[in-house]
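Peer 1: next come a sequence and a model predicted from it.
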Amino acid sequence: MVLKLIEKEHLVDNVWAFRFQPSEPLVWTAGQFVQVELPHDSPDAEGTKRWFTNSAAPFEGIMQITTRVTESTFKQALSKLEASDELQLIARPDGDFVWDDSGFPLVFVAGGIGITPFRSILKQRAYDKLPLNVTLIYSSRTTDVPFKDELAEWTASDNQLKVEYVVGERLNAEKLASLLPNLNGSLVYLSGPEPMVEALGDELKANGLPATQLKQDFFPNYNEDNY
Ligand SMILES: Cc1cc2nc3c(=O)[nH]c(=O)nc-3n(C[C@H](O)[C@H](O)[C@H](O)COP(=O)(O)OP(=O)(O)OC[C@H]3O[C@@H](n4cnc5c(N)ncnc54)[C@H](O)[C@@H]3O)c2cc1C
């Protein structure tokens, strides 16, 4: 499938949203990811393919990549795309990092750019007028983070949605437990830089969170300095 660039928008810091029109209907569940390929001259060792969450909501029908534009040749080539330029979608939407009506209270934990699947999920539920009964912990290096305005809009319209910002401090199990008294009785979603998601997941399990109540979305090549 071909994805044709509609527009790109600078969100905050080095974070951009790239919106693409798919050449055929793209069907997915909010929170899922795809793999794309962008052939470009002299690619670096990471090559021409990347996995990305679709940060758009399914009702929007588009593919939206929200990402930090780094120095990698892939990101540089992506940032140079102009309207109507093309990207190949080489693996269709997949993954179980989606809303789960398991009966457990839901906790979403985003490390920086790891907010992307949660934005898609919350946007779709707000559109469908479904309850946003979830606590989102949004951890970041600075206050300059994407989707703050939308989150404020959704918390204003649904008082079941709670958003806690954790800025400039390392998120660990102790901090999460201080914010969430019923942590081990919750279904916890972790999304963000691979080392953070891995370490926090291990800590939560060591502190008594059953593995069946943990969902993890790992973003490789982000770490605590660049997420
Ligand atoms: C399921 C899934 C969903 C994802 N969703 C998103 C998303 O919504 N938004 C998003 O931005 N990203 C997402 N990612 C991550 C994405 O695929 C890229 O890995 C990420 O964006 C970094 O790409 P890059 O081109 O900036 O950096 P890369 O070129 O991959 O590397 C960036 C930096 O890390 C260094 N580096 C490279 N390899 C390593 C290594 N092995 N160890 C340590 N350092 C290394 C490089 O030197 C460079 O400085 C997702 C990944 C997965 C698997």
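Peer 2: Arrived safely, thanks for sending.
Peer 1: now do the helices in this protein.
Peer 2: 73-79, 116-127, 148-157, 173-179, 194-206 (DSSP state H).
Peer 1: what's the most buried one of those helices?
Peer 2: Comparing the helices of the chain by mean neighbour count (mean count of other CB atoms under 10 Å), helix 116-127 ranks first with a mean of 23. The C-beta positions use only the backbone N, C-alpha and C, and glycine is treated the same way.
Peer 1: on that earlier part again, nearest to the ligand, of the helices of the chain?
Peer 2: Taking CB to the nearest ligand atom, helix 116-127 is the member of the helices of the chain nearest to the ligand, at 3.5 Å.
Peer 1: off-centre distance for that closest one?
Peer 2: Centroid separation for helix 116-127 versus its chain: 10 Å, with CA atoms, centre = their mean, to the nearest Å.
Peer 1: which strands and helices sit next to that helix?
Peer 2: strand 49-53, strand 106-111, strand 134-140, helix 148-157, strand 187-193 (3 or more CB pairs under 8 Å, 6 or more residues apart in numbering; DSSP states H and E).
Peer 1: which parts of the protein sit against the ligand?
Peer 2: 33, 46, 50-53, 55, 66-68, 70, 72, 74-75, 113, 116, 217-221 (CB under 6 Å from any ligand atom).
Peer 1: hmm, back to that, nearest to residue 141, of the helices of the chain?
Peer 2: helix 194-206 (11.5 Å; CB to CB).
Peer 1: mind saving the C-alpha coords of the closest one as CSV?
Peer 2: Extracted in CSV, the C-alpha atoms of helix 194-206 (Å, rounded to 0.1, in the frame of the first residue of the first chain):
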residue,chain,number,x,y,z
GLU,A,194,12.7,0.7,25.2
PRO,A,195,15.0,0.9,28.3
MET,A,196,12.3,2.7,30.3
VAL,A,197,9.5,0.4,29.3
GLU,A,198,11.7,-2.7,30.0
ALA,A,199,13.0,-1.4,33.4
LEU,A,200,9.6,-0.1,34.6
GLY,A,201,7.8,-3.3,33.5
ASP,A,202,10.3,-5.4,35.5
GLU,A,203,10.0,-3.2,38.6
LEU,A,204,6.2,-3.3,38.5
LYS,A,205,6.2,-7.1,38.2
ALA,A,206,8.8,-7.4,41.0
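Peer 1: can you redo the helices and strands packed on helix 116-127 as TSV with distance to residue 81 and mean pLDDT?
Peer 2: Shown next, in TSV, are the helices and strands packed on helix 116-127 (distance: least, CB to CB, whole Å; pLDDT from 0 to 100):
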stretch	distance to residue 81	mean pLDDT
strand 49-53	14	98
strand 106-111	26	98
strand 134-140	26	98
helix 148-157	24	98
strand 187-193	25	98
